[in-house]
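K.L.:
Need the 3D shape of this:
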Amino acid sequence: MTPKTILSIKEDSVVEARSLQNAKGRLAAGRFLIEGEEQIFWALENQCHLHSVFVHDKQQSHPMVGKLMRQGIALFFASDGILKKISDTSYLVPFIGVASVPKTDFPKNDLVIVLDGVQDFGNIGTIVRTAEAFGIREFIATKEDFDWFYKKAIDASRGKIFASHLNRCHSGKEAISKLKERGYQIAVTTIRDSVMQSFAQVEDRPIAIVFGNETAGVSPEVEQEADLRIQIPMSGSVESLNVGVAAGISLYELKIKWILAMLTKKIQESIGRDLYCASRWVRLVFDTKLKAASPLNADQAIVLMILKCDGTSDMATLAHDAGITQALEAKSLIQSLIDQKFIIEVHSKLTLSEKGEEAIAKIWSIHELAERLVFEGVSHPEKEIFLKVLRKMLRNCENITPYT
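P.N.:
Residues are numbered from 1 along each chain as shown. Purely as a prediction, here's the structure:
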């Protein structure tokens, strides 16, 4: 597609772009502005749909221009004045993109974040970025006109907002009602009538974590529907934390608690016994990422996961289920986990210790990262088909093997 030079602010492409300067225009058009080379790079990295990009006419030889042209994105070269009109700034932004607001279905994943009246765009972006670090990409806002794509929110999220599933509801009441219909437990962060999050009892079902307005907190209509009311313990000299900071603290502890509650179900549904039978490359990716961030390797982590699912086992069966064929290697590996108190041995029977369960919960995010890397570029339907085929193969293997 040949780039076009823009000569007037009255041209249709400029008029459309300028209409996206405010939330009302963005919501009406279903599009938003992406300002700056860095934001455009994030958008491309996360497969955000770019309709067009306005480029400063003195940047025509910039490498980004070639990259955009190769992807078939419409380019418009424009002067300082026109670009400043589009961005509504007194300073020059040499790259300005126009992108589509992605359409997403109501959350289906087991972990969801609800933003109930959060207004500061820096906080919104920080929460999105923090959640991404914990493998959470599902968000609901409790206002129909909530603006996810304000420049400050994009910047604060470091582009992670482009890879997130962003939803809006008419009200907090509607959001909570829809979540409860789908079986979610509701956890709200509040200082009123709440328990310290360290003592919160999380159930083994999907969870929605609600963060409230910077000043007023979670609205009464949402709080009264909560299954859990939690607070972060603080020194008496500190009244409250910035909601972005509070989100990071809450998400870390609540996700570990939730994983512990859901661990057996998650292992069986996600990798369970499929992992060691399916293919060695998954294990290699997992092992590489795990060794970089923990004292465990993939074989040790898989042994702990299998033992969590089975409850108890003897050493030979556990080694077989983990795909460790060498007896000496298996004995050494399992004995090291016993010595480190991850596994308890009583009368030749092995069980997972509390330390072992916590270890699995803490490294689960590494497993999620490894799985995401392995399935990069694979759509959700493709992944589902792959898993169905894989499990059929496993059943066939079980039918022909003499081992029970």
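K.L.:
CA atoms for contacts and neighbours, from now on please.
P.N.:
Fine.
K.L.:
could you pull out the helices for the stretch 101-250 of the chain?
P.N.:
For the stretch 101-250 of the chain, the helices defined by DSSP state H, counting those that start in this stretch occupy 121-133, 151-157, 172-181, 220-223, 243-270.
K.L.:
okay if I get those helices as a markdown table plus mean pLDDT and mean neighbour count?
P.N.:
Conversion of those to a markdown table gives the following (pLDDT from 0 to 100; neighbours: other C-alpha atoms under 10 Å):
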| stretch | mean pLDDT | mean neighbour count |
| --- | --- | --- |
| helix 121-133 | 91 | 23 |
| helix 151-157 | 93 | 21 |
| helix 172-181 | 94 | 18 |
| helix 220-223 | 92 | 18 |
| helix 243-270 | 77 | 18 |
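K.L.:
Tabulate these (CSV), appending distance to residue 378.
P.N.:
Below are the helices of the stretch 101-250 of the chain laid out as CSV (distance: least, C-alpha to C-alpha, whole Å):
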stretch, distance to residue 378
helix 121-133, 19
helix 151-157, 24
helix 172-181, 27
helix 220-223, 37
helix 243-270, 16
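K.L.:
Which of those helices sits closest to residue 30?
P.N.:
helix 151-157 (15.5 Å; C-alpha to C-alpha).
K.L.:
quick revisit: out of the helices of the stretch 101-250 of the chain, flag the one nearest residue 80.
P.N.:
Between residue 80 and those, the tightest spacing by C-alpha to C-alpha is seen for helix 151-157, at 19.6 Å.
K.L.:
got the contact list for residue 185?
P.N.:
Remark: with contacts taken as C-alpha atoms under 8 Å, 6 or more residues apart in numbering, residue 185 is in contact with 179, 203, 205, 206, 207, 208, 226, 227, 228.
K.L.:
For the first one, list the residues it contacts.
P.N.:
This means residue 179. Under the criterion of C-alpha under 8 Å, 6+ apart, the contact list for residue 179 reads 185, 208.
K.L.:
Can you tell me how far it is from residue 112?
P.N.:
Going from residue 179 to residue 112 by C-alpha to C-alpha, to the nearest Å gives 9 Å.
K.L.:
Check the fourth one too.
P.N.:
Taking C-alpha to C-alpha as the measure, residue 206 falls 8 Å from residue 112.
K.L.:
Same question for the last one.
P.N.:
Distance of residue 228 to residue 112, given as C-alpha to C-alpha: 15 Å.
K.L.:
now the second one
P.N.:
Applying C-alpha to C-alpha, the value for residue 203 to residue 112 is 15 Å.
K.L.:
Looking only at neighbour counts, state which of these two leads.
P.N.:
It is residue 112, of residue 203 and residue 112, that has more neighbours when counted by other C-alpha atoms under 10 Å, with 22 against 17.
K.L.:
Could you check how many residues crowd around the nearest residue to the more buried one once chain neighbours are set aside?
P.N.:
For residue 112, ignoring the flanking residues on the chain, the nearest one in space by C-alpha to C-alpha, 6 or more residues apart in numbering is residue 208 at 4.6 Å. Using other C-alpha under 10 Å, residue 208 is surrounded by 25 other residues.
K.L.:
Residue 208 against residue 183, yeah?
P.N.:
No. Counting by C-alpha atoms under 8 Å, residue 208 stays clear of residue 183, with 10.0 Å between them.
K.L.:
Next one, pLDDT for residue 46 please.
P.N.:
The pLDDT attached to residue 46 in the predicted structure is 87.
K.L.:
Give me the neighbour count for it.
P.N.:
Neighbour count of residue 46, defined by other C-alpha under 10 Å: 15.
K.L.:
so it makes contact with residue 164?
P.N.:
No. Between residue 46 and residue 164 there is no contact under C-alpha under 8 Å: 9.4 Å.
K.L.:
does the closest residue to residue 374 other than its chain neighbours belong to a helix or a strand, and which?
P.N.:
Across the structure, with C-alpha to C-alpha, 6+ apart as the measure, the residue nearest residue 374 apart from its sequence neighbours is residue 282 (6.9 Å). In the assignment (DSSP states H and E), residue 282 maps to helix 280-293.
K.L.:
Centre of the chain to that helix, how far?
P.N.:
Relative to its parent chain, helix 280-293 has a centroid offset of 20 Å by C-alpha atoms, centre = their mean, to the nearest Å.
K.L.:
Can you name the next helix or strand after it?
P.N.:
Once helix 280-293 ends, the next helix or strand along the chain (criterion: DSSP H and E) is helix 298-310.
K.L.:
Which neighbouring elements make contact with that next one?
P.N.:
Under the contact criterion of 3 or more C-alpha pairs under 8 Å, 6 or more residues apart in numbering; DSSP states H and E, the helices and strands touching helix 298-310 comprise helix 243-270, helix 280-293, helix 315-321, helix 327-339, strand 349-352, helix 354-374.
K.L.:
Out of the ones you listed, flag the one nearest residue 220.
P.N.:
Each of these was checked against residue 220 via C-alpha to C-alpha, and the shortest separation belongs to helix 243-270, namely 17.5 Å.
K.L.:
which secondary structure elements does the closest one contact?
P.N.:
Taking 3+ C-alpha pairs under 8 Å, 6+ apart as contact, the helices and strands that helix 243-270 lies on are helix 121-133, strand 207-212, helix 298-310, helix 354-374.
K.L.:
average pLDDT across the last one?
P.N.:
Helix 354-374 shows a mean pLDDT of 88 in the predicted model.
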